[in-house]
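K.L.:
Structure, please.
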Amino acid sequence: MPKTGNEGLAEHIPPLTAHEAFVEANRCLFCYDAPCAHACPTHIDIPKFIRKISTENLTGSARTIFDSNLLGATCARVCPVQELCEGACVLGSDHKPIMIGRLQRFSMDHAYSRGLRVVEVAAPTGRRVAVVGSGPAGLSCAGELARRGHSVTVFEKRELAGGLSTYGIISLREPVEASLAEVEMIRSLGVQLETGIELGAGLTLEDLNGRFDAVFLGLGLGATTSMEIAGEEHVVDGLGYIEQSKLTPEGPKTGRNVVVIGAGNTAIDCATIARRQGAPQVTMIYRRSEAEMTAYLHEYDFIKKEGVAFRFLTQPVGVVADGDLVTGLRAVRVELGEPDASGRRAPRAVPNSEFVIAADQVIKAVGQQKPALFTKLGLATERGYIKVNEELETSIPGVFAGGDCVRAKNAASTVMAVQDGKLAAEAIHKYLRRAEANHG
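P.N.:
Below is the predicted model of the structure:
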């Protein structure tokens, strides 16, 4: 039985001791043209930072990580390393792969615990850039621009910066303190942060274009998608549920028989919280089969060990409630047909198969909406996402975008958002230099 309450939501993977890190680093083969570095979306020189750990040069190790990824502390905790760097480790086929993620965290913890400032900032250029959104894409872009000498102001609609790292990633993987420490590191580079300011609600794109030389949009996505089922007003929003688990001492209100709708990583996070908040029965339901789940395999293995049950090929159609008291979830059995636009086989309801799953709480984690704001801003879109070119520039010259808001293709992840921010910063830097040359 897993630990419950606040203790149960503490960081799941402990940090390595200095001895453990030294021993693990010395297992590395320090491959030339290392597959692990190619598998890292931000292309951290993994053999180099691990070699520096093996020689006890921890500051140099941290500097190597920061050179490629300013949000290395977050990525060390939340990256699906099993699918990326560790999955590509040459030792993985015959031995245990190097614990790259935990070694990266060891270096980052060293830098943050000592307040090291190893990121150099160039002389001021006199150019000003606005970054809208302080999630991983926005912070990465802001920091990369600041290290090139540009003056950067980040606008964030929430009270706290950090985006999903602060509000939407379960504490077992990343405590809110780790995310906020990273925000402060970006600010230490000279980045200005203004919170409580929302684009489209008092702040306009025209205003930003008038005040700044370039704009980066790291807007993320919107609210959890509506399922359009009867009684949906009784359903708990999954992202809000995770947020309460991170930012309130008592955690979210949790029932004893909880049903989580969805089978992605956010749904697994919700089920984990419910289980560790003391729910004796937690069931995840998904309208497709196990093979179509979007959750990472290692997350699926983890949640099964937590004692969570699954009902596949099950489509919710309505919430059963007595006033405000939830008593169950009405569902139908489905079968899979031909692949839909997502490339997965589309579910079709089986006639006369409706049944009720007993539940006193229903949580949905079924993906996020593409906000109407994108088109209201006059931006070209693709499948509801902001459309960008190879330089991550939008249909409006001088306005760039990255992160989940542009992820029309490929899966969204923190590390991909970080890389978008880095690439956009380089593109903006070139854009500003071209503008200066044209006016010079």
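K.L.:
Could I get the full set of helices for the stretch 201-350 of the chain?
P.N.:
Under the criterion DSSP state H, counting those that start in this stretch, helices of the stretch 201-350 of the chain are mapped to 205-211, 238-247, 265-276, 297-305.
K.L.:
Determine which stretch of the ones you listed is the most buried.
P.N.:
Greatest average neighbour count among the helices of the stretch 201-350 of the chain goes to helix 265-276 (a mean of 26), per mean count of other C-beta atoms under 10 Å. C-betas here are computed from N, CA, C, even on glycine.
K.L.:
So which elements touch it?
P.N.:
Applying 3 or more C-beta pairs under 8 Å, 6 or more residues apart in numbering; DSSP states H and E, one finds that helix 265-276 makes contact with helix 238-247, strand 257-261, strand 281-285, helix 297-305, strand 361-364.
K.L.:
That one vs strand 281-285, what angle?
P.N.:
Taking axes from the mean of the first three to the mean of the last three C-alpha atoms, to 10 degrees, one finds helix 265-276 and strand 281-285 inclined to each other by 170 degrees.
K.L.:
What lies in contact with helix 265-276?
P.N.:
Defining contact as C-beta atoms under 8 Å, 6 or more residues apart in numbering, one finds that helix 265-276 is touched by 2-5, 8-9, 168-170, 172-173, 238-239, 241-242, 245, 251-252, 254-255, 258, 260-262, 282, 284, 294-296, 299-300, 302-303, 306-308, 361, 363, 365-366.
K.L.:
so how far is that helix from its chain's centroid?
P.N.:
With C-alpha atoms, centre = their mean, to the nearest Å as the basis, helix 265-276 stands 15 Å off its chain's centre.
K.L.:
could you dump that helix to CSV, C-alpha only?
P.N.:
This file holds the C-alpha atoms of helix 265-276, laid out as CSV (Å, rounded to 0.1, in the frame of the first residue of the first chain):
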residue,chain,number,x,y,z
ASN,A,265,0.0,11.0,-18.2
THR,A,266,-2.3,13.6,-16.5
ALA,A,267,-4.9,11.0,-15.9
ILE,A,268,-2.3,8.8,-14.3
ASP,A,269,-1.2,11.7,-12.1
CYS,A,270,-4.8,12.2,-11.0
ALA,A,271,-5.2,8.5,-10.1
THR,A,272,-2.0,8.6,-8.2
ILE,A,273,-3.1,11.6,-6.1
ALA,A,274,-6.5,10.0,-5.4
ARG,A,275,-4.9,6.7,-4.3
ARG,A,276,-2.4,8.5,-2.1
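K.L.:
quick one on the thing from earlier: let's have the helices of the stretch 201-350 of the chain in JSON lines, adding distance to residue 156 and mean pLDDT.
P.N.:
As requested, the helices of the stretch 201-350 of the chain are arranged in JSON lines below (distance: least, C-beta to C-beta, whole Å; pLDDT from 0 to 100):
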{"stretch": "helix 205-211", "distance to residue 156": "14", "mean pLDDT": "95"}
{"stretch": "helix 238-247", "distance to residue 156": "15", "mean pLDDT": "95"}
{"stretch": "helix 265-276", "distance to residue 156": "21", "mean pLDDT": "96"}
{"stretch": "helix 297-305", "distance to residue 156": "28", "mean pLDDT": "93"}
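K.L.:
Of all the ones you listed, which one is nearest residue 383?
P.N.:
When these are compared by C-beta to C-beta, helix 265-276 sits nearest residue 383, at 20.0 Å.
K.L.:
can you tell me which of the helices and strands packed on helix 265-276 comes nearest to residue 324?
P.N.:
Comparing the helices and strands packed on helix 265-276 by C-beta to C-beta, strand 361-364 comes nearest, at 11.8 Å.
K.L.:
I'd like the next helix or strand past that closest one.
P.N.:
Later in the chain than strand 361-364, the nearest helix or strand by DSSP states H and E is helix 373-376.
K.L.:
For the top strand by length along the chain, buried residues please.
P.N.:
In terms of residue count, the longest strand belonging to the chain (DSSP state E) is strand 325-339. Burial within strand 325-339, assessed by neighbour count using 16 or more other C-beta atoms under 10 Å, is assigned to 326, 328-334, 336.
K.L.:
Which one of the residues you listed is nearest to residue 94?
P.N.:
For the buried residues of strand 325-339, the nearest to residue 94 is residue 336 (37.2 Å; C-beta to C-beta).
K.L.:
Can you give me the distance of the closest one to residue 180?
P.N.:
43 Å (C-beta to C-beta, to the nearest Å).
K.L.:
Then residue 379?
P.N.:
Applying C-beta to C-beta to residue 379 and residue 180 gives a distance of 30 Å.
K.L.:
Out of the helices and strands packed on helix 265-276, flag the one nearest residue 85.
P.N.:
Of the helices and strands packed on helix 265-276, nearest to residue 85 by C-beta to C-beta is helix 297-305, at 13.7 Å.
K.L.:
now that closest one, how far from the centre of its chain.
P.N.:
Counting by C-alpha atoms, centre = their mean, helix 297-305 comes out at 18 Å from the chain centroid.
K.L.:
Against which helices or strands is that helix packed?
P.N.:
Against helix 297-305 (3+ C-beta pairs under 8 Å, 6+ apart) you get helix 265-276.
K.L.:
Does residue 16 touch residue 103 like I think?
P.N.:
Yes - with contacts counted by C-beta atoms under 8 Å, residue 16 reaches residue 103, the gap being 7.1 Å.
K.L.:
Return every residue with contacts to both of those two.
P.N.:
residue 24.
K.L.:
Just want to know which of those two has more residues nearby.
P.N.:
Taking neighbours as other C-beta atoms under 10 Å, residue 16 and residue 103 compare with residue 103 leading, 24 against 19.
K.L.:
residues touching the more buried one, list them.
P.N.:
Per C-beta under 8 Å, 6+ apart, neighbours of residue 103: 16, 21, 24-25, 49-50, 53.
K.L.:
so which of those comes closest to residue 96?
P.N.:
Looking across the contacts of residue 103 and measuring by C-beta to C-beta, the closest to residue 96 is residue 24, at 9.8 Å.
K.L.:
which residue sits closest to that closest one, ignoring its sequence neighbours?
P.N.:
residue 99 (5.4 Å; C-beta to C-beta, 6 or more residues apart in numbering).
K.L.:
Residue 412 now?
P.N.:
Nearest residue to residue 412, sequence neighbours excluded (C-beta to C-beta, 6+ apart): residue 404, at 4.6 Å.
K.L.:
And that neighbour, how far from residue 244?
P.N.:
Taken as C-beta to C-beta, the span from residue 404 to residue 244 is 22 Å.
K.L.:
Roughly how far does residue 290 sit from residue 362?
P.N.:
According to C-beta to C-beta, residue 290 stands 21 Å off from residue 362.
K.L.:
So between those two, which is more surrounded?
P.N.:
residue 362 (26 against 11).
K.L.:
in terms of contact, does the more buried one touch residue 232 like I think?
P.N.:
No - the pair residue 362 / residue 232 is not scored as a contact, 9.1 Å apart, by C-beta under 8 Å.
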